[in-house]
Structure formats: C-alpha cells, structure tokens
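Enquirer: Provide a 3D model corresponding to the input given below.
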Amino acid sequence: MNRIYLDNAATTPLDPVVIAEMVNVMNTHYGNPSSIHAQGREVRTLIEKARKTVAGLLNATPAEIFFTSGGTEADNTAIRCGITAYNIKHAITSKIEHHAVEHTLNMLLKQGVIDKLSFVNVDSKGNIDYDHLEELLKTNERSFVSLMHANNELGTLTDIERVGDICEQYDAIYHCDTVQTMGHYAHDVRKLKAHFIVCAAHKLHGPKGVGFLFVNHTIKISPMIFGGAQERNMRGGTENVYGIVGLAKALEIAYAEMHQHQDHIQELKSYLKEKLTAEIPDLYFNGETAPEKSLYTVLNVSFPAMDMADMLLFNLDINGVSASGGSACSSGSNIGSHVLTGISADPNRPSVRFSFSKYNTKEELDFVVDKVKQIVSQNVTA
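Expert: Here you go, the predicted model:
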C-alpha cells in the first residue's frame, strides 16, 4: 500500500537536492570547523557560506544568524536570554502558542525570572486581538512579547508586521515563532521589526536537528549553551555541519520556488476543503481558511461527534493516510489540544490537521476523501 503523507506541519520529506548536497559534504569534508588546519578551515568556510546564504534570503546580516539544533532551542534561547539580558519582568503571549514558547515562559514565571505572564485574547478562529495587545503593553512595564506567525495546529496567520509596529511603540522586545512559515513566506527582517525569529530546517524539506535563530543587531544577549566559542561565542558545541549545509540549501530552494509552491499547495488545500464539505455533513474548520488569513500548508478539520472519536486518526493510519490532530481538552483533564481548548473548540468533536507539501497531489486527496467519508459514516453518533 502506498501511504499518503499529510503531516507536513510536523515534518517534511527531505528534498533530494538537499540530500545530495549533504552527502557530498559527508563524503569530502570531515574536519572540525574549530580546527586551524586546512581540513578545519574548509569546513568553517562551508558553515560561513551557509550563514551568508540564510542571511541574504532574510535581508539580514550574517552576524545576526546563529545556528541551533532546531526551532525549540531557538525559541528557548530567544525567550530565556532575551528576558534575562534586559531584566524584563513582564511577558505577553497567547494560550495557543507552541509548547516551546508556552512551557518556557511558564517555567520562567515559576522560577521568578518574570513576575507576570499575560495572555493576549484570541477569538474562536485563533486571531490575535491587537487592541488587547496594545492595552497590555500600555498598562505594564517594559514587556517581552512572544507571538507566532502561523499557528501550527490551526494555520491562522498573525499580522506580524503590525505586532512589530505595536511592540516598537512601547519599546517591547518581540520574539516571533516563525517555524511554520519559514521558507513558505518571504521574511524581510528589516521590515519586520522583530528582535528574534526562528527556523527548523525539517519544516521546509531540510534535515532534522538543525535550525537557526535570528537576533536583531539592535540587541545583545548572552549564550544559553556554554562550553565553547562556536557561533561567535553564542552557542558552545561543535556545529552540525551537514545539517547547516542542508538547511541553507533547503531554504535556498524554498525561496527560489516559493511562488509556484504557494500556488500548488493552496490549490490542494482549497480542493480538499471543498471535497470534504461536499461529502461530509456537519463538518467545519478550525481556524481561518481564507488564503489571506491562513497558512496555505495547513487545514484543520472539525468532524461531527462520533463513536470512538479517539480512533479517527488510528483508522486513517491503517487506511494509509498519515495526519495528526485530536480534540479540545475535556474539563478537568490535561489530555487534548491546548490550541483547540484555547479557541473554545467543542471537545466532543474530533479534529484532524491535514498539512500539505509540494509533493502532494489531487489524486492523493481524492483517496483521502473517500477513506474519511467511509470512516465517518461508520462512526458518527446518531
């Protein structure tokens, strides 16, 4: 059975060109980039070339790009180091952020590093209340703001340039989790006004275990990982050379092919949305779905209440469809999606996140719709 992969928001298949680039480096370059001999210098050159490539695509300077083990480390570094560097005692986020943000801020509150953690209001589609954000900034001391570009479960987009303008007005430090949108939209850090943005290479057909943190040149932070002078004394530890090279190549391809991929994947998303709506009664969508308001790679579907709702993803899996999802947390329970709970989704309705890539086709989606229709018709509560 040929499996259909629709969980690209979790991770994407490696692009063959990226694999070839990494294998070439593995075969020909093995020196430690911190070594001063010829083999070390050759590898150091590869890292700095990758840094320059990434910086050029973002309209950043190479000195603003720091390679990490992925998005989680980049988020943690931005939050922990950004807050401590400026002795900030008040942070603002939302209740639908990724756990890399939510858990980190909650831990800083528990440890007493910050005195107060505020949550900006979001509506039933996951949209940020910009007026409430401004009110929180206006009525508190200097703040650290962490709001993501696109929600990883819903796909709802935040106007991050608007957030940047508001943060600038109140002298806030602004961190934006751009893991889901890096390589899918063009980011110009000179226009964005964010102090930190992040990347995980495996979300854009690059390798797992590598990412980067952009740190705006207007601020200075201390390292989170000590033990070496790597990354200009900002991250101790021998660099993941093959991963860094793969990241730069994946991002380069993503930018070169961005418009055609946007058109192709948006067409797939619209196609699946229309087919599911036509075939399954009492179905709706979590989060925004309009192209201008929603990440084109994600469609979160709310299915009608059904028997054994927790088996929906399992049944899709055994029918050859890989997707993800869940339901809102039940009262008094921590089990479920904190994002769906954050938008007050119905906990009795199971949800599935279908997420697409450049490798998916309409023929695959026709198969998925047929399987979903069969599963739902057999299990919907009378």
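Enquirer: okay, now the nearest residue to Val352 once chain neighbours are set aside: neighbour count?
Expert: Leaving aside its sequence neighbours, Val352 sits nearest to Gly325 (CB to CB, 6 or more residues apart in numbering; 4.0 Å). C-beta here means a position set from N, CA and C on the backbone, and glycine is covered the same way. Per other CB atoms under 10 Å, the neighbour tally for Gly325 reads 21.
Enquirer: what's the answer for Ala38, then?
Expert: There are 9 residues near Ala38, going by other CB under 10 Å.
Enquirer: so what secondary structure elements neighbour the one helix or strand Leu46 maps to?
Expert: Using DSSP states H and E, Leu46 sits within helix 38-58. Counting contacts by 3 or more CB pairs under 8 Å, 6 or more residues apart in numbering; DSSP states H and E, helix 38-58 is packed against strand 65-68, helix 241-256.
Enquirer: what packs against the shortest one?
Expert: Counting contacts by 3+ CB pairs under 8 Å, 6+ apart, the secondary-structure elements packed against strand 65-68 are helix 38-58, helix 71-85, strand 211-215, helix 230-233.
Enquirer: do you know how far the nearest residue to Asp129 once chain neighbours are set aside is from Ser344?
Expert: Distances taken as CB to CB, 6+ apart put Asn121 closest to Asp129, at 4.0 Å, once the chain neighbours are dropped. As judged by CB to CB, to the nearest Å, Asn121 and Ser344 stand 12 Å apart.
Enquirer: where along the stretch 201-350 of the chain do the helices fall?
Expert: Assigned by DSSP state H, counting those that start in this stretch, the helices in the stretch 201-350 of the chain fall at 230-233, 241-256, 258-279, 312-318, 338-342.
Enquirer: among those, which is nearest Asn360?
Expert: When the helices of the stretch 201-350 of the chain are compared by CB to CB, helix 258-279 sits nearest Asn360, at 5.6 Å.
Enquirer: sorry, back to before: could the helices of the stretch 201-350 of the chain be laid out in JSON lines, adding mean neighbour count and distance to Val54?
Expert: JSON lines is the format used below for the helices of the stretch 201-350 of the chain (neighbours: other CB atoms under 10 Å; distance: least, CB to CB, whole Å):
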{"stretch": "helix 230-233", "mean neighbour count": "15", "distance to Val54": "13"}
{"stretch": "helix 241-256", "mean neighbour count": "23", "distance to Val54": "6"}
{"stretch": "helix 258-279", "mean neighbour count": "16", "distance to Val54": "15"}
{"stretch": "helix 312-318", "mean neighbour count": "17", "distance to Val54": "35"}
{"stretch": "helix 338-342", "mean neighbour count": "23", "distance to Val54": "29"}
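Enquirer: Can you say which of those is nearest to Leu58?
Expert: Comparing the helices of the stretch 201-350 of the chain by CB to CB, helix 241-256 comes nearest, at 8.8 Å.
Enquirer: helices and strands around that closest one, which ones?
Expert: If you count contacts as 3+ CB pairs under 8 Å, 6+ apart, helix 241-256 packs onto helix 16-28, helix 38-58.
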